[in-house]
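# from the sequence below, what's the structure:
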Amino acid sequence: MSSAHDIPMAKNTTKEPKEPGRPSSYRDEYAEQARKLCLLGYTDIELAEFFSVCEKTINNWKTDFPEFLQSITCGKAIADAEVADGLYQRARGYSHPDVHVSSYEGCITITPITKHYPPDTPAASLWLRNRQSKKWRKEPDGFDEDVPVAPVKIVVEVKDARAPDART
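Take a look at the predicted model:
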C-alpha cells in the first residue's frame, strides 16, 4: 500500500481560495501609502517596519494584492528616475532661474538671475562607471588582484653639487 509520500503530486497552478485563517492586516489605503514611501526611497524592509509587519508579509501582500505591487513598483521607478536625472544634471552641470533679493535704504529689490552650477567630476565618474562600465571601470584591463605585482627597483644616487668632482 502506498502512502502520500510515495506518489509525486502535480503542483496546482490555479489559485484557489486560501483556507480560513487569520485575516490579512492589509488595507486598501496601504497601496497609496507604500507608493509615497517608495518615492522617499523606502526599501521593502523599511516598508515592513512602517506597516509594523515582517518583510515576508510585504512580499505576500505583493502577491495577494496586485495594486500594492503596482504602487511599490511605480513609486520606486519614479524615485529612481528622479535621482538618475539629478545625478545626470549634476554630472553635466546645469543652470536654473532664480531671484536675488536685496534691501538698500529700506527699499527691497528682487532681481531675476540665472544660477550656474559647473559639472561635478565625481557625479560624472559615477554616471559613466554605471552606464558604460567597460569603458570607465576603475581597474585597468588585465588587472588581477590575486597575482602579486613584481617589485620595481629604483636607484637614487645623490651627489653633492658643491664638490669639485661632481661637475663633470
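
# chain center to stretch 98-111, what's the gap?
Mean C-alpha position of stretch 98-111 versus that of the full chain (Cα atoms, centre = their mean, to the nearest Å) differs by 40 Å.

# quote the end-to-end distance of it.
9 Å (Cα to Cα, to the nearest Å).

# any low-confidence regions in the chain?
Counting by pLDDT under 70, the low-confidence segments of the chain come to 1-21, 139-145, 165-168.

# one more pass at 80, please.
The chain contains residues with pLDDT under 80 at 1-22, 137-150, 161, 163-168.

# quick one: the strands in it, in order.
Ranges of strands within the chain are 94-104, 107-117, based on DSSP state E.

# E29 is nearest to which of the ones you listed?
Of all the strands of the chain, strand 94-104 sits nearest to E29, with 36.1 Å by Cβ to Cβ. C-beta here means a position set from N, CA and C on the backbone, and glycine is covered the same way.

# which secondary structure elements does the closest one contact?
strand 107-117 (3 or more Cβ pairs under 8 Å, 6 or more residues apart in numbering; DSSP states H and E).

# and the angle from the strand it packs on to strand 94-104?
160 degrees (axes from the mean of the first three to the mean of the last three Cα atoms, to 10 degrees).

# same for strand 107-117, what does it pack against?
Packed next to strand 107-117, using 3+ Cβ pairs under 8 Å, 6+ apart, are strand 94-104.

# coming back round to it: kindly reformat the strands of the chain as a markdown table containing mean neighbour count and distance to P23.
Formatted as a markdown table, the strands of the chain follow (neighbours: other Cβ atoms under 10 Å; distance: least, Cβ to Cβ, whole Å):
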| stretch | mean neighbour count | distance to P23 |
| --- | --- | --- |
| strand 94-104 | 10 | 51 |
| strand 107-117 | 9 | 53 |
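
# distance to E157 added to those, as TSV?
Listed next are these as TSV, based on distance: least, Cβ to Cβ, whole Å:
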stretch	distance to E157
strand 94-104	53
strand 107-117	50
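
# how about R27, phi and psi?
R27 has phi and psi values of phi -130, psi 150 when expressed as degrees, to the nearest 10.
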